[in-house]
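Asks: got a structure for you, letters missing:
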Ligand SMILES: Nc1ncnc2c1ncn2[C@@H]1O[C@H](COP(=O)(O)OP(=O)(O)OP(=O)(O)O)[C@@H](O)[C@H]1O
């Protein structure tokens with residue numbers, strides 16, 4: 001494996017007294033796509049949010065162990081919220097653009113707030129982000145229209161462009177195609193593959209087919225524990241549903 005972008009060492013997470021992640025260890029190579037899979041409630045979103053500290057917004061959440069982004073301690077004192085939000089972008093399951101803001105301003109708002117660009121430079125940055133999200137050709141003549149006028153698939157690509165506008169090194173995606181039809185989902189998968197030439201992507205997905213199409217490595221979680229980790233072909237060498245069914249049977253037998 002080449003350079004590591006994200007490293008988790010013995011990570012445990014609790015919500016109040018309830019532990020939801022147990023001793024998670026994994027490494028995500030730089031400029032690659034890493035898929036997190038597992039049945040509903042196994043801790044996928046929790047794991048994703050532990051990488052960018054968003055987890056601490058959930059009431060009662062507590063994290064132990066070490067999380068490193070590009071060698072930096074995510075939970076260390078020197079990692080300011082501003083630095084973290086510049087290093088990591090996030091895309092959620094349901095497209096969540098600011099509906100009343102224009103298409104342009106949805107992408108421009110982050111760089112404006114962080115004082116990264118203005119004027120022509122900002123216009124270039126917005127165009128670049130929309131191109132990277134494969135949306136530019138569809139919106140170049142309607143940048144001043146509200147984001148709510150876009151289709152669901154376009155709105156999700158707009159959310160990707162919004163995240164990219166801060167030039168993050170890591171993009172975290174929580175089931176980004178779950179609310180989309182297969183055609184729009186495939187379009188986003190293409191965007192993900194293309195982006196991974198330049199940035200590191202961690203994607204939560206319920207779809208092992210999607211993981212095989214986009215990711216080079218990944219992990220399967222079950223009841224808060226990593227039960228498979230490594231190259232995507234090794235992780236999915238047992239058919240996914242068969243693996244989960246067996247784990248459920250084993251867990252039932254243990255109770
Ligand atoms: N704020 C919270 N307080 C208490 N428990 C929570 C909280 N958020 C999530 N949980 C619990 O933590 C566990 C892991 O939840 P998480 O959302 O990470 O799972 P997931 O694998 O992403 O699920 P899904 O695939 O259904 O989205 C679940 O048992 C869930 O009920």
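Replies: Alright, I've got the coordinates. Here the structure is a predicted model, which means the values were calculated and not measured.
Asks: Report the contact partners of residue 205.
Replies: 35-37, 175, 177, 211 (CB atoms under 8 Å, 6 or more residues apart in numbering). All C-beta atoms are positioned from the backbone trio N, CA, C, and that covers glycine.
Asks: can you give me phi and psi for it?
Replies: phi -140, psi 150 (degrees, to the nearest 10).
Asks: got the contacts of residue 205 as CSV, with pLDDT and neighbour count columns?
Replies: Output for these, formatted as CSV (pLDDT from 0 to 100; neighbours: other CB atoms under 10 Å):
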residue, pLDDT, neighbour count
35, 98, 27
36, 98, 28
37, 96, 27
175, 96, 20
177, 95, 25
211, 96, 25
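Asks: Make TSV from those and add secondary structure to it.
Replies: Below are the contacts of residue 205 laid out as TSV (DSSP: H, G, I helix; E, B strand; the rest coil):
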residue	secondary structure
35	strand
36	strand
37	strand
175	coil
177	coil
211	helix
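Asks: State the pLDDT value of residue 198.
Replies: We have a pLDDT of 95 for residue 198.
Asks: let me redo that: residue 99
Replies: With respect to pLDDT, residue 99 has a value of 93.
Asks: again with the one 4 residues further on
Replies: With respect to pLDDT, residue 103 scores 98.
Asks: so it makes contact with residue 148?
Replies: No - under the criterion of CB atoms under 8 Å, residue 103 makes no contact with residue 148, lying 9.9 Å away.
Asks: neighbour count winner among these two?
Replies: Taking other CB atoms under 10 Å, residue 103 and residue 148 do not tie; residue 103 has more neighbours (27 against 12).
Asks: Residue 46: what's it in contact with?
Replies: So residue 46 contacts 13, 20-21, 55 (CB under 8 Å, 6+ apart).
Asks: now residue 68
Replies: 4, 6-9, 74.
Asks: swap the cut-off to 7 Å and go again
Replies: Applying CB atoms under 7 Å, 6 or more residues apart in numbering to residue 68 gives the contacts 6-7, 74.
Asks: so what pLDDT did it get?
Replies: 97.
Asks: Using the three-state scheme, assign it.
Replies: strand.
Asks: just to revisit the earlier point, quickly list what's touching both of residue 103 and residue 148.
Replies: Contact criterion CB under 7 Å, 6+ apart; residues shared by residue 103 and residue 148: none found.
Asks: Most neighbours among the contacts of residue 68, please name it.
Replies: When the contacts of residue 68 are compared by neighbour count (other CB under 10 Å), residue 6 ends up highest, at 23 neighbours.
Asks: Can I take it that that residue is in a strand?
Replies: Yes - following the definition three-state DSSP, residue 6 is counted among the residues of a strand.
Asks: For the ligand, state which of the contacts of residue 205 is nearest.
Replies: Comparing the contacts of residue 205 against the ligand with CB to the nearest ligand atom places residue 175 closest, at 7.2 Å.
Asks: ranges for the strands of the stretch 51-200 of the chain?
Replies: For the stretch 51-200 of the chain, the strands defined by DSSP state E, counting those that start in this stretch occupy 61-69, 72-73, 88-91, 170-174, 200-204.
Asks: With residue 220 as the reference, name the closest of those.
Replies: strand 200-204 (11.6 Å; CB to CB).
Asks: Thanks a lot, see you next time.
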